[in-house]
Every structure is written in structure tokens, then in C-alpha cells.
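In: I'd like to go over a predicted model; first the sequence, then the structure.
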Amino acid sequence: MTEAEIKTNIPQHLPKKEGGRKAGLPPGSLVYIGPERDFKPRITVFNYTPEGYTEKTVDSIEECLPYKDEKSVTWINIDGVHRVELIEKIGNLFELHPLLLEDVVNTHQRPKMDEFDEYLFAVLRMLTYDEKRQSIASEQVSIVVSKKFVISFQEDEGDLYDPIRARIRDNKSKIRDFGSDYLVYRIMDVTVDHYFVLMEKLGEKIEYLEEKVLHFPPQTILEEIQDVKKDMLLMRRSIYPLREVLAAMTRDDNKMILKKTQKFIRDVHDHTVQVIETLEMFRETVNGLKDAYHSHLNIEMNKTIKTLTIITTIFIPLSFIAGIYGMNFKHIPELEWKWSYPAILGFMGIVSVGMLYFFRRRKWL
């Protein structure tokens, strides 16, 4: 395999060894750690009240500053955290802690939650299915929530949150009647709901592998099983810590999440536990597939050894007879007999048939 092929086959969701760029720098230093991206970050703004909403895409973060002190709820979404100067500017304008910004630009964070005096910071993983690579892709979503605004940071363009935007645009929807904490709940709810879509994908893959293992599995089956295990490991790393985050959001001492919103977040927590339980079941099934494949290999090998053993056993007496008449003694009476050659062949045939009959009677064949 060439070097180019090896690089192509490296799973894109695995963390790259980029942390060395931060070695020696003081805490809070902003260094982007993640896949290379060169597109211009996009900033979109939703500002809404129960009576209406405004939606726009802005060219600079300074245009969002007037929304900071309004009584309406403002959702600022940034697609692209690879431009460190933009993230630093957002931190200065909205007075965000440097350690928070450091976590935003380091896209290898595990799901977590940090509480500050005026806002709450949460990290979660948005998982999608990459049809081209036939594997699960992971993207970090960082969220800052205060009483009146939500700032979300995403690695790339495009996300799963169009249903939320559609609800904000809908005059009949109740999302505009709630505060910023409810918007965060909706973001987390959509993220976790999509986990179920991925679980269905994994379930279909596992069923397909089960059929392969039971019916003449190809030599590549172990690679396919390993790919599924990698996807499950990625989901495990993304979902297990999220359960702790959701539990922390429902604590009584949480200042940013209202009591009425905590009820909804508990529901998301229950969904997360359900996904974890299903993931554990899939994990046991995949481990069973590997054991079943190895058992199949052992059975096939035993059949091959059994066949070779029977063939060898049949030829032992035949080799003995041929060895006797292959000796160079001068006086062997059968050498002068006219029918000695067909007689010996016939006797050898009778021995072979007799041994096959014996093996069949003993059910070795």
C-alpha cells in the first residue's frame, strides 16, 4: 500500500497529533487545533420575541453587539472556528473567559459543561453519517448561553438545526415564548435525536454483517467489523460524557437553566441513556460477531484437517502394500505370476473401499 493510500484510509474522526502546537504556551492562548479549513466563517443571527423575529447574516461580529443588551433572545451562530482572530474578537466583545475560547478553537474536546458568573458554557458532539466514507463523522459544537443570548460555534458549514430555525420563523411555534435556555435545550434535543438515526444505521450494518458471518463470510469481514467498532467507539466517546452534562444542567443550583426548562432537559437525558443502552447492546453483538467468525474459521479448518486425515489414513495401507512390492528382492513369487498386477490393484481397491465404508459406519464422513 502506498503512502497516499494509507493517508486516505485514516479515519477522519480520529484526533490528529496537533496538540504540540500549544506546548509551552500560557493557559488561554488561542491556537486552532482541528482539520485544515480555508473557508470564510459565516455569522448568522436570529433575534426574536413572542411577537416576531429578525434573521440575517452579518459580515462582522461587531454588528451583533447591539443585541447584547436587548430584552429579546438572540442566537448568534458561527460556522468556522479556524480563524482565531474572529474567536478572539467575539471573546472581547462579549467578555468571554480566555479558557472558554481556548476550548472553542480546540475541536477535540469531550462533551462538558462549565459555569461562569454571567453565562454557561457547554460542548457537545454533532454526529452525522458520511455516505461517501460509509462511516460516522464528528463535529464539535460549543455553546455559550446567558440570560438573553446564545452563541454557538461550529467547525464547518451546515448542521442539523434547520428544524429549530424553521420553528423560530413559524408564528404558531411556542419556541419564541421561551428564553435562551430553552433554545439550548432545542439544540441539544435535535443533536441527541439524530443519534437515534445513527443507531439505525449501525443496526442495519450489524444485521448485514450477521448475515455475512453466518453464510460464507469473506476474508474482509474482520475489516468491516472493525470499522463498525470504530464508529461505536466514536459514539461512545461523544455520548457518555453528554449524559453528565445534561445531569449537571438539571441541578437545582444551576442559575442559567430555569426550572421549567429543566423538565425538558431531563427528557433529553433519558433519550441519551436510551442511546447508551442500545450502544452497549450493539457492542456485545459486534463482539459476538468476531467470536462467531473465528468459530467459523475453526470449523472450516477442522473440516479441512479431517478430510486430509481421512485421505492420509486410506493411503497408509496402500503405501505399505506398494512398499512391499517395491523392494528389490530377487525371489518374490508374485513377480512371475501373470495376474499379479491386477490382483494387487484389486486388493488395494478393496482395502480403500473397505476403509471408506468403515469411516461412514462410524459417521466420520
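Out: It's in.

In: can you pull the contacts of Phe347?
Out: Ile321 (C-beta atoms under 8 Å, 6 or more residues apart in numbering). For the C-beta atoms, the positions are set from N, CA and C on the backbone; glycine is no exception.

In: so where's the stretch 151-300 of the chain shaky on pLDDT?
Out: Applying pLDDT under 70 to the stretch 151-300 of the chain flags no residue at all.

In: quick one: the strands in it?
Out: Assigned strands in the stretch 151-300 of the chain: none (criterion: DSSP state E, counting those that start in this stretch).

In: Tyr208 versus Phe153, what's the distance?
Out: 37 Å (C-beta to C-beta, to the nearest Å).

In: wait, Leu345
Out: Note on Leu345: its distance to Tyr208, by C-beta to C-beta, is 54 Å.

In: kindly report the same for Lys132.
Out: Relative to Tyr208, and taking C-beta to C-beta, Lys132 is found at 18 Å.

In: so those two - more neighbours on which side?
Out: The residue with more neighbours, out of Lys132 and Tyr208, is Tyr208; 12 against 6, by other C-beta atoms under 10 Å.

In: avg pLDDT for stretch 27-46?
Out: In this model, stretch 27-46 has a mean pLDDT of 88.

In: am I right that Ile143 is in a helix?
Out: No - Ile143 is assigned strand when assessed by DSSP: H, G, I helix; E, B strand; the rest coil, not a helix.

In: just to check, it is in contact with Thr191?
Out: No - taking contacts as C-beta atoms under 8 Å, Ile143 lies outside contact range of Thr191: 10.2 Å.

In: identify the contacts common to those two.
Out: In contact with both Ile143 and Thr191: Leu124, using C-beta under 8 Å, 6+ apart.

In: domain-wise, how is the chain divided?
Out: The chain is divided into the following domains under automatic domain parsing: 3-295, 302-361.

In: hey, which of those is tucked in deepest?
Out: Among the domains of the chain, domain 3-295 has the highest mean neighbour count (mean count of other C-beta atoms under 10 Å), at a mean of 16.

In: I figured Ile76 hits Ile151, correct?
Out: Yes - with contacts counted by C-beta under 8 Å, Ile76 reaches Ile151, the gap being 4.7 Å.

In: the stretch 251-365 of the chain: helices as residue ranges?
Out: With helices called from DSSP state H, counting those that start in this stretch, the stretch 251-365 of the chain shows them at 259-324, 340-361.

In: any chance of these in a markdown table, plus distance to Phe116?
Out: Conversion of those to a markdown table gives the following (distance: least, C-beta to C-beta, whole Å):
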| stretch | distance to Phe116 |
| --- | --- |
| helix 259-324 | 18 |
| helix 340-361 | 80 |
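
In: to Glu62, which of those lies closest?
Out: helix 259-324 (30.5 Å; C-beta to C-beta).

In: now the residue nearest to Gln109 when sequence neighbours are not counted, which residues is it bridged with?
Out: Among residues not flanking Gln109 along the chain, Val123 sits closest, at 4.8 Å (C-beta to C-beta, 6 or more residues apart in numbering). Judged by DSSP bridges, the bridge partners of Val123 are Lys112, Ser142.

In: brilliant, that's me finished.
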